[in-house]
Structure formats: C-alpha cells, structure tokens
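Visitor: Below are the sequence and a predicted model for it; my questions follow.
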Amino acid sequence: MWTLAAAGVAWYVASMASEVTYVTLADGRRQARQLPVVFKMLLPFAQNFFPLVRSNFLRSSVERAEKKLVQGGFEGLLSGEEFVALKVMLLWVLPELWLHDAVKRRHASIQKSLPFVLDLLTLSVEAGMDFISALQRNCKLRKLDALNEELLRMTKEIQLGRTRRDALREMAERVGQRDLRSVAFALIQADELGVSIGAMLRIQSDQLRSRRFDRAEKLAAEAPVKMLGPLMLCIFPAVFIILLGPVVTQALKGVF
C-alpha cells in the first residue's frame, strides 16, 4: 500500500510538472506561462480556502494580488483569490517571493525592449505613418515579448473603440513599470497639447537611453563594493592558507 501511494504521488507530481499553462493574449493567441510545480499541485485545493480568502480581513490582499498578477503577466491564469489561498497553504512567504520575482523580471524585459521599440515607432511616425499603424507594424514584425504583449493589447482596445488617451493610461496603470508609464503619460500630454507624436517619441527615446547609461554607470560603480564580500570570504583565506600553511605544518611537526 505504501508503494502504491508513493507511486500515485510520483505520478501526480510528474503530471503536474509536465503540464503547460497558458494565458490568452489580446489577439487570441496563447502564450505559455510557467507556474511552480507546487502551485499546480495545490491549485485544485484552493477553493476549500475561498470562504477565508473572501473575508474582509483578506480583501486588500486579494486586490493587491490581482494587481501584481496582471503586472506579472498571469492575468486569466491565476486569480487573486487562488493566489491568496496558495499563500495560506504555503505559509504566505513563498508565493509572495515568487510573484515579486516574476513582476521584477517582466518589468526588466519591458525596460530593456522599450528604447528599441521607441526608435522603431519614431522612424515609422516620422516617415509618415500614423501612431496606431506604427504600433501595429511593430507588433507584427517583432518577437512576442512582454512589451509587445502590452502594446498588442493596447492597440486592440483602441480598435474596439477606446480613445488613445484612455488606452495609454490603462496600459500605464496596468503594467506599473516606471519607464513605460513615463512614455505613456508623455504621449497623453502630447495628444492633449497637440504636440508632434514623432518629436515626443524621439525625446522619450533619448531620455530612456540616458537613464540606461546612468544605470550602467551605477552598476559599474557598485561592482567593487559587491566584489569585496567574495574577496574577503574566499580569496583572502586562500592566500592565508597558501602563505602560512607551510609554517603551520613545520610547527606541528616540531610539536609532535
């Protein structure tokens, strides 16, 4: 019986590990999103905790989880109630760390892609294309990364009747990434004031490149400080052993 139980658990874990989970994008395509195996194993039991999760005590945690899941790209795959239920089952800390890391990685991907995308949009708009056509062309030609997913959703919302200002504002609030929010609100302001979109895109592109250069300088300045820890923990003890090892060996031979 113990052997059968262990085999059943092993089969369940293996099936959960091999299962591929997806989110549905704005154009109907499905994009793979990887959840931890322990999440997949415990999700069928999450509904048992919904009465607790839906209490007033945890309402703010559910709302905050919904927002973070959208920022991490898991909208439609994992609800806020399911996530808080997982936090209850796993003693709160592990799911929170996982989601924080997922949001951080997605924001880093958007931050990395944004200057290049702005350059493409600037060239397209200055060549005579309107902003929405330039966005659609960019989404069609570039690979499907985090930024492209958000731009694709924004263009679909505009096609369905939302104004460009509302779609840009919604994207900025939904994603929560600082550089993308800055670009979105700059474009909203340009639209309200009648400023050229091409000129505004070029200004934002230059600013983002300047920020990226500043971040690179900051990381380069922090490198010696970060190297100090491994230097103290690894290199100095090794040098100490190499230099004093023979002396200690001779002293021990003299004693024994």
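Guide: Structure's in. What do you need? Numbering: from 1, shown residues only.
Visitor: Could you export stretch 47-66 as PDB, CA atoms only?
Guide: Taking Å, rounded to 0.1, in the frame of the first residue of the first chain, the C-alpha atoms of stretch 47-66 are listed here in PDB:
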ATOM      1  CA  GLN A  47     -11.400  26.500  -3.500                       C
ATOM      2  CA  ASN A  48     -11.500  25.000   0.000                       C
ATOM      3  CA  PHE A  49     -10.000  28.200   1.300                       C
ATOM      4  CA  PHE A  50     -12.200  30.700  -0.600                       C
ATOM      5  CA  PRO A  51     -14.500  31.300   2.500                       C
ATOM      6  CA  LEU A  52     -11.500  32.500   4.400                       C
ATOM      7  CA  VAL A  53     -10.000  34.400   1.400                       C
ATOM      8  CA  ARG A  54     -13.200  36.200   0.700                       C
ATOM      9  CA  SER A  55     -13.400  37.600   4.300                       C
ATOM     10  CA  ASN A  56     -13.000  41.300   4.900                       C
ATOM     11  CA  PHE A  57      -9.700  40.600   6.600                       C
ATOM     12  CA  LEU A  58      -8.000  39.400   3.400                       C
ATOM     13  CA  ARG A  59      -9.900  41.600   0.900                       C
ATOM     14  CA  SER A  60      -7.000  44.000   0.500                       C
ATOM     15  CA  SER A  61      -4.500  41.100   0.000                       C
ATOM     16  CA  VAL A  62      -6.700  39.700  -2.800                       C
ATOM     17  CA  GLU A  63      -6.900  43.100  -4.600                       C
ATOM     18  CA  ARG A  64      -3.200  43.600  -4.300                       C
ATOM     19  CA  ALA A  65      -2.600  40.100  -5.600                       C
ATOM     20  CA  GLU A  66      -4.900  40.700  -8.600                       C
END
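Visitor: so what's L187 closest to, chain neighbours aside?
Guide: Excluding the flanking residues, the one nearest L187 by Cβ to Cβ, 6 or more residues apart in numbering is L168, at 5.6 Å. Heads up, the C-betas are built off the backbone N, CA and C, glycines and all.
Visitor: OK, contacts around the spatially most central residue of the chain?
Guide: Nearest to the geometric centre of the chain sits R106, at 2.1 Å (Cα atoms, centre = their mean). Contact partners of R106, counting by Cβ atoms under 8 Å, 6 or more residues apart in numbering, are Q71, G72, G73, A146.
Visitor: And those residues, which is closest to T24?
Guide: Distance to T24, by Cβ to Cβ, is smallest for G73 among those, at 11.7 Å.
Visitor: Name the secondary structure element that contains the residue nearest to the closest one when sequence neighbours are not counted.
Guide: In space, and not counting its chain neighbours, G73 is closest to R106: 5.4 Å by Cβ to Cβ, 6+ apart. Using DSSP states H and E, the element containing R106 is helix 93-126.
Visitor: No more questions from me, cheers.
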